[in-house]
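*Asks:* Fold the following, please.
(one chain, ligands or ions: 2)
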Amino acid sequence: MTVVTIDKDICTGCQECTKVCPVYAIEGNPREPQKIVEERCVNCGQCVQKCKSYVSLVDHGAELYAQKRAERHLPETVAEPLFAAYNVCHLDEVITALNSPKFTMVMAAPAVRVALAEDFGMPLGSLTPGKMAAAMRKIGFKRVYDTNWSADLTIMEEGTELVKRVTSGGTLPMFTSCCPAWVKYMEDQHPELTKHLSSCRSPQQMSGPMFKTYGAKLNKVDPKDIFLVSVMPCTAKQFECSRPEMNASGQRDVDVAITTRELAYLIKYYGIDFNSLPDEEFDMPLGDYTGAGTIFGVTGGVMEAAIRTGYTLITGKELNGKDIDIKTVRSTEGFRTAEIKVGDLTLKVGVLTYLKNIDPIIEKLKAGTLDLHFIEVMSCPEGCVSGGGQPKLVLDADVPEAYKSRRESTFAHDKNLPKRKSHENPAIKKVYDEFLKEPCGEKSHHLLHTTYRGSGGHH
Ligand code: SF4
Ligand code: SF4
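*Replies:* Ligands and ions are numbered 1, 2, ... in the order given. Model prediction:
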């Protein structure tokens, strides 16, 4: 399926996109329209962020603009410049569902709440979870749940899987699997190594089966009547939710994934004055989250969240006070490693951000010299806060400041939440008591884990 594409009528062949593409999937001659090689593309959308060639109302007139907007299935209220590199938009399906008797549910990833407000003129990195929840409710979604809740759930499953692999001689190192661009890269380029990927679905894909089984029961609705929209900082998430195996709920687990930019389009389409919205809460219990869930949005965040819970799983003790901050994995360097004392075990971890940095790691893995237990990989330059679906930064000069501010807001949010460890989330405890029973148990295996091309189903 086509997720990201380049409009040959608009592309000037400046080749800025080819420089940022982490997998060298963009081909073409200088000053001629470029083309994306779909088999190699991992759908990360970095080219969408970088592209500078556009059609605008002011420069190109209403007729051409309207034609391009229609080709992209964008609502008629969209008036921003349209760039040559773009992701295929599915907002029309969302609007159709909102106008139907469907029981609509929505959720947003951690990195959306630190960037969405930029599309409404607020400062870079403004933290607005309350306004975001209010806007989604005003749009008409019947339930405003949260991917941060499922990020906490992911940690319970992934932390347990890691402990099992470490203590029972499973395949190590284990890599995170929440970035669909990274997963596709492994499947395309190194299928023989996919057994190193955690079998955990990403938070988005854990949400789907949970909301359409457990959530359906809570709301007393038929799973068939639920339409679940996921708002992501990411263009690759639409690819992920369209994967054929993503139907553990008996339905499509997630119906449509839209980007942060597209949520802003939707808010404008419904004429909502975002900036003056009073803060609202997410719907409970599937909107309850901890600081660990929210730091998934930054590079190193999944690792930090996993350590906060892994420590308790292994030692039976709690990290408290300033020990909750795992500073050794917090940086934006392309690859860094750390050794963390967890009881008697020295956990050796690595964090990689921006897929352009992956080659030496794969070489070491193949050579058997990658002496680590657990590695987080995010495809985008600084993790999901810098994702291809985030508000577009038209000026390159704004990029470092935007990433920094979104990152700082993410950590500030973590610090100020009443609970900061996934296993302390009361809604997560409840779901294990009432429904899943235990992490990596039978029900989890069916709903929350997956297999990859090349992995042969073994982990
Ligand atoms: S979406 Fe990502 S991988 Fe695909 S062409 Fe663009 S930059 Fe390259
Ligand atoms: S790093 Fe995040 S935003 Fe970028 S492709 Fe991966 S999941 Fe998507």
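
*Asks:* how about the nearest residue to residue 304, chain neighbours excluded?
*Replies:* Leaving aside its chain neighbours, residue 304 sits nearest to residue 326 (4.4 Å; criterion: CB to CB, 6 or more residues apart in numbering). Placement of C-beta: from N, CA and C, glycine included.

*Asks:* Any figure for the gap between that neighbour and residue 280?
*Replies:* Taking CB to CB, to the nearest Å as the measure, residue 326 falls 31 Å from residue 280.

*Asks:* Likewise for residue 358?
*Replies:* Relative to residue 280, residue 358 is positioned 40 Å away (CB to CB).

*Asks:* neighbour-wise, which of those two wins?
*Replies:* Of the pair residue 358 and residue 280, residue 358 is the one with more neighbours under other CB atoms under 10 Å, namely 22 against 17.

*Asks:* contacting residues around the closest residue to that one other than its chain neighbours?
*Replies:* Nearest non-adjacent residue to residue 358, counting by CB to CB, 6+ apart: residue 352, 6.6 Å away. Counting by CB atoms under 8 Å, 6 or more residues apart in numbering, residue 352 touches 334-335, 358, 361, 375-378.

*Asks:* Swap in 7 Å and give it another go.
*Replies:* Neighbouring residues of residue 352 by CB atoms under 7 Å, 6 or more residues apart in numbering: 334-335, 358, 361, 375-377.

*Asks:* what does residue 13 give?
*Replies:* 28-34 are the contacts of residue 13 under CB under 7 Å, 6+ apart.

*Asks:* my hunch is that it is in a strand, does that hold up?
*Replies:* No. Remark: residue 13 does not belong to a strand; assigned using DSSP: H, G, I helix; E, B strand; the rest coil, it is coil.

*Asks:* ok, now how distant is it from ligand 2?
*Replies:* Distance of residue 13 to ligand 2, computed by CB to the nearest ligand atom, to the nearest Å: 25 Å.

*Asks:* near ligand 2, which residues of the stretch 1-150 of the chain show up?
*Replies:* Within the stretch 1-150 of the chain, the positions near ligand 2 by CB under 6 Å from any ligand atom are residue 44.

*Asks:* What segments of the stretch 1-150 of the chain are strands?
*Replies:* Here the stretch 1-150 of the chain has its strands, by DSSP state E, counting those that start in this stretch, at 4-6, 26-27, 35-36, 54-55, 82-83, 85-87, 103-108, 143-144.

*Asks:* Reformat these as JSON lines; add mean neighbour count and mean pLDDT.
*Replies:* JSON lines is the format used below for those (neighbours: other CB atoms under 10 Å; pLDDT from 0 to 100):
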{"stretch": "strand 4-6", "mean neighbour count": "22", "mean pLDDT": "97"}
{"stretch": "strand 26-27", "mean neighbour count": "17", "mean pLDDT": "98"}
{"stretch": "strand 35-36", "mean neighbour count": "18", "mean pLDDT": "98"}
{"stretch": "strand 54-55", "mean neighbour count": "19", "mean pLDDT": "97"}
{"stretch": "strand 82-83", "mean neighbour count": "22", "mean pLDDT": "98"}
{"stretch": "strand 85-87", "mean neighbour count": "25", "mean pLDDT": "98"}
{"stretch": "strand 103-108", "mean neighbour count": "26", "mean pLDDT": "98"}
{"stretch": "strand 143-144", "mean neighbour count": "23", "mean pLDDT": "98"}
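
*Asks:* Of these, which is nearest residue 153?
*Replies:* strand 103-108 (12.1 Å; CB to CB).

*Asks:* helices or strands next to that closest one in the packing?
*Replies:* strand 226-232 (3 or more CB pairs under 7 Å, 6 or more residues apart in numbering; DSSP states H and E).

*Asks:* I'm done for today, thanks for sticking with me.
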